[in-house]
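Novice: got a predicted structure here, sequence first:
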Amino acid sequence: MRHPVPDPIGPSQESVWEYPRPPRVESVAGRVTITLGGEVIVDTADVVRVLETSHPPVYYLPIADFVPGALRDAAGSSFCEFKGAARYLDVWGGGQVRERAAWNYPQPEPGYEALAGRVAVYAQGMDACTVAGETVVPQPGKFYGGWVTSWVVGPFKGVPGSMGW
């Protein structure tokens with residue numbers, strides 16, 4: 001198994017290789033927006049992020065802050081050894097739908113209670129997701145939901161060859 005070499009850290013940057021495992025939940029100072037189908041479906045400053053080794057942050061937003069009808073139950077579920085059982089949601093905006101493009105933990109495990117009533121959204125397929133005014137780049141790979149910004153450096157889980165990290 002090839003072990004990654006962390007990218008150099010510049011001023012005001014953080015490395016995903018300094019993030020903990022198990023993951024940590026922390027509040028975020030800054031506004032997050034998501035646009036789909038030309039419609040802003042959420043604009044909130046009530047944000048937490050989950051930090052986990054090798055992954056860009058996953059941002060969790062209050063379900064109540066989304067425009068009505070933007071989140072609808074979807075089929076399927078998954079399980080995280082740390083956060084617990086997840087359910088999936090379809091994301092709707094501007095007459096468009098992205099199936100299973102969001103997830104949440106209705107009853108998160110101890111230590112992750114801050115995720116209750118919040119949802120994370122895959123940036124892939126959205127018109128734009130922003131954090132503090134910066135448009136994010138989706139985490140590489142189809143499975144992961146991290147958001148890459150200029151203040152986070154990798155390499156990131158999800159790039160080719162990262163399966164064993």
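Specialist: Everything's here; your move.

Novice: report the central residue of the chain.
Specialist: Centre of the chain computed as the mean C-alpha position; nearest residue by C-alpha atoms, centre = their mean is residue 58, 2.7 Å away.

Novice: can you give me the helices in this protein?
Specialist: Assigned by DSSP state H, the chain shows no helices.

Novice: how many other residues sit next to the residue nearest to residue 9 when sequence neighbours are not counted?
Specialist: For residue 9, ignoring the flanking residues on the chain, the nearest one in space by C-beta to C-beta, 6 or more residues apart in numbering is residue 15 at 5.2 Å. Glycine gets a C-beta too; all of them are placed from N, C-alpha and C. By other C-beta atoms under 10 Å, 16 other residues sit near residue 15.

Novice: residue 117 too?
Specialist: Applying other C-beta under 10 Å, we find 15 residues neighbouring residue 117.

Novice: what sits against the closest residue to residue 92 other than its chain neighbours?
Specialist: Nearest residue to residue 92, sequence neighbours excluded (C-beta to C-beta, 6+ apart): residue 70, at 5.4 Å. Listed by C-beta atoms under 8 Å, 6 or more residues apart in numbering, the contact set of residue 70 reads 36, 41-42, 91-93.

Novice: again, 7 Å this time
Specialist: 41-42, 91-93 (C-beta atoms under 7 Å, 6 or more residues apart in numbering).
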